[in-house]
Each structure stands twice: as C-alpha cells, then as structure tokens.
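J.: Here is a sequence with its predicted model. Questions after.
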Amino acid sequence: MSTVAEAIAAGELPGRVWMYANYNCNLACSYCLTESAPGVPKRALPADDMLRIATEAAALGYTNVGVTGGEPFLLGHLPTTLASIADVLPTFVLTNGTLFNDTRLAKLDVLAGKDIAFQISLDSPDPDVNDEMRGPDNFAKVVDAIPRLIERGIRVRIATTGEPGRLSADDHARLCELHRSLGVPDEDHIVRPIVRRGRALDFDMGTTFLPEEIPAELCISADGAFWSPFGPTVWNGRVDTDLLVSRQTNPLSVPANLLLRAVGGRPHGDDVVIGIR
C-alpha cells in the first residue's frame, strides 16, 4: 500500500486536513451541519492540538489545512494559532464573518503576509433572503467585514449555500456583482448544495450524498477523526458516527492511515461531486 504522501501526490487522497476548532457559534443557521448556536457545548480543540495536527500533517505529506466550526473566531486564541499553523501549511478558515469589529480586526494583524484565506458565507444578494436562513443583520455585517478584511491583506472567498434552484440566474448575477464590488473575484466564489445532515434534517432541507460522493478529506474534531468535514455532524445533540474513521487522533498518522486504507483503490476525480472547498 502506498504511503499517505504518495496517495496525496497521486491524487488518490485529498491533500487537505480539516479541524473543527469548536462547535459553538453566535448564529443558528437553519442548515447548520453541527447544530451550532450560542450556548451549545464548545467541544473545542486546544490551540496546542491544532498546531500539532498541522505539524504532523505536513510531515505526513498533506499540503494544506482547513479550519471550521462552529464559529472559530469565538476562540480568543485563534488569530495567533492560525498564524502559527500558516507557517507550517497554507491555511483556509471558514467563518460567518459577523464578529469582525475593530478589536477583532486588529488581532488579525498577526496574519499579515501569511498564506491564509477566509471563506465567508453569503447566500443571497437580498438581505432579507440571506438573513432568513442565517439570522438578523447577517448580510449587513458580512458586507461590512469583507472589504475590511481585504484591506488587511487577507484573501476572502465567498461560499453560497442553498437548495437547487433557490438562486435564480438573476440572483446569481446580482450576487456576483456584489462580491466583485466588495473585492472578491469570480474565482473566489463557490456555490454549493445544502447537505441533508445536522439541523437541515429538522427543516427538511438538503440532499443526501453517499460517502463515495464526498471527498475523503481527513477531519479532526474533539470527537475523533472523520471522513470529510461533513462527517462530525450533530443532530438532536448527538454526534453522527457513520463517517467516523477513528476515535484516536494522536498521532495523526493513525487516522490518516486508516482513512487511506478505507479509500483503497477507490476511483478519484469525477466521482467527487461536493466538498467544502
């Protein structure tokens, strides 16, 4: 069997390792995979563990790191931790973009010049439609934050999530016009489906995908290692284990090799239809 590094180089295994920094959030989006909301248990990864995971990932041959939540920026240590992680591997962080007041923006100065990108959700060019699924004033806060982040030299990507057909061609065109006006180019805008896991089940939303349709990206959370960042989802307060790879995450080589074994000779490329990119 090939090593993790060989499998990544050959395209048999994705090169990104994901971390669920935490599960709590200042929002309670209707399609949230993890039932994140204010007041839910944090189940956070300690800063030292996050840096260890990145360091071990680089040694194993992984090429970049993704950080998600919850809302990661509720963790006070996150800017300095991200700066350290980005010194090890290119880093990608998912954030709802609503917490970036002047104080938090100033703390992002440690990321200047780092190989890091923020992916922020914006689901509609219409504030009311966007906020219906994400919460009051979400649109206004995001639109305010994006240019301020770009001014600090931070690359911003926009992720639009929704049901098929919800975003009309006109809506899509207006949304693209908006993100361009904010400084985000077309190549940094993705549109992705709602996955029928987590809170989306309560609202009868989203599409169900088979494991072979999901990129086999190693994802580490406080609950273990999972196949894909879609793996450690939560419904009715319980963590789903259908995509659990291993409860053991230290050393990272244990779940990495288990995932490689599970992927085996699985075809790669056209079979992968969704992903948190």
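T.: Cool, the structure landed. Numbering: from 1, shown residues only.
J.: buried sites along the top strand by length along the chain?
T.: With secondary structure taken from DSSP state E, the chain has its longest strand at strand 155-162. Using 16 or more other CB atoms under 10 Å as the test for burial, strand 155-162 gives 156-162. Bear in mind the C-beta positions are built from the backbone N, C-alpha and C, glycine included.
J.: And these, which is closest to Leu178?
T.: Relative to Leu178, the closest of these is Ile158; by CB to CB it sits at 8.9 Å.
J.: right, and Asp115 touches Ala86 too?
T.: Yes. Using CB atoms under 8 Å, Asp115 is in contact with Ala86, at 5.5 Å.
J.: more neighbours, these two?
T.: Ala86 (22 against 14; other CB atoms under 10 Å).
J.: Lys114 is in contact with the more buried one, correct?
T.: Yes. Using CB under 8 Å, Ala86 is in contact with Lys114, at 4.0 Å.
J.: Name the nearest residue to Ala225, ignoring sequence neighbours.
T.: Closest residue to Ala225 apart from its sequence neighbours, by CB to CB, 6 or more residues apart in numbering: Pro255 at 3.3 Å.
J.: One more: Leu99?
T.: That would be Phe73: by CB to CB, 6+ apart, it lies 5.0 Å from Leu99.
J.: Show me the shaky parts of this protein.
T.: Applying pLDDT under 70 to the chain flags the ranges 1, 265-277.
J.: tell me the contacts of the residue nearest to Ala225?
T.: Pro255 sits next to 218, 220, 224-225, 245-246, 248-249 when contact means CB atoms under 8 Å, 6 or more residues apart in numbering.
J.: Tell me which residues are up against the helix or strand where Ala54 lies.
T.: If you go by DSSP states H and E, Ala54 is part of helix 47-60. By CB under 8 Å, 6+ apart, the surrounding residues in contact with helix 47-60 are 4-5, 17, 19, 21, 45, 65, 67, 75, 77, 80-81, 84-85, 88-89, 91, 220, 249-253, 256.
J.: what about it, distance to the chain center?
T.: Helix 47-60 sits 17 Å away from the centroid of its parent chain (CA atoms, centre = their mean, to the nearest Å).
J.: orientation of the next helix or strand after it relative to helix 47-60 in degrees?
T.: The helix or strand immediately downstream of helix 47-60 is strand 64-68, counting by DSSP H and E. Angle of strand 64-68 versus helix 47-60, following axes from the mean of the first three to the mean of the last three CA atoms, to 10 degrees, is 150 degrees.
J.: So which other helices or strands are in contact with strand 64-68?
T.: strand 16-20, helix 47-60, helix 78-86, strand 91-95 (3 or more CB pairs under 8 Å, 6 or more residues apart in numbering; DSSP states H and E).
J.: was I right about Leu27 contacting Thr34?
T.: No. Assessed by CB under 8 Å, Leu27 is found out of contact with Thr34, at 11.6 Å.
J.: Name the residue in these two with the higher neighbour count.
T.: Counted by other CB under 10 Å, Leu27 and Thr34 do not tie: Thr34 has more neighbours, with 27 against 19.
J.: gap between that one and Glu71?
T.: As judged by CB to CB, to the nearest Å, Thr34 and Glu71 stand 11 Å apart.
J.: Which helix or strand contains Cys176?
T.: helix 169-181.
J.: what sits up against that helix?
T.: By CB under 8 Å, 6+ apart, helix 169-181 touches 122, 124-126, 143, 146, 158, 160, 167, 186, 188-189, 191.
J.: now, the most widely separated pair of those?
T.: Maximum pairwise distance among the contacts of helix 169-181 (CB to CB): 21.0 Å, between Asp126 and Asp188.
J.: Assess the claim that Val184 and Ala159 are in contact.
T.: No. Val184 lies out of contact with Ala159 (CB under 8 Å); the separation is 10.8 Å.
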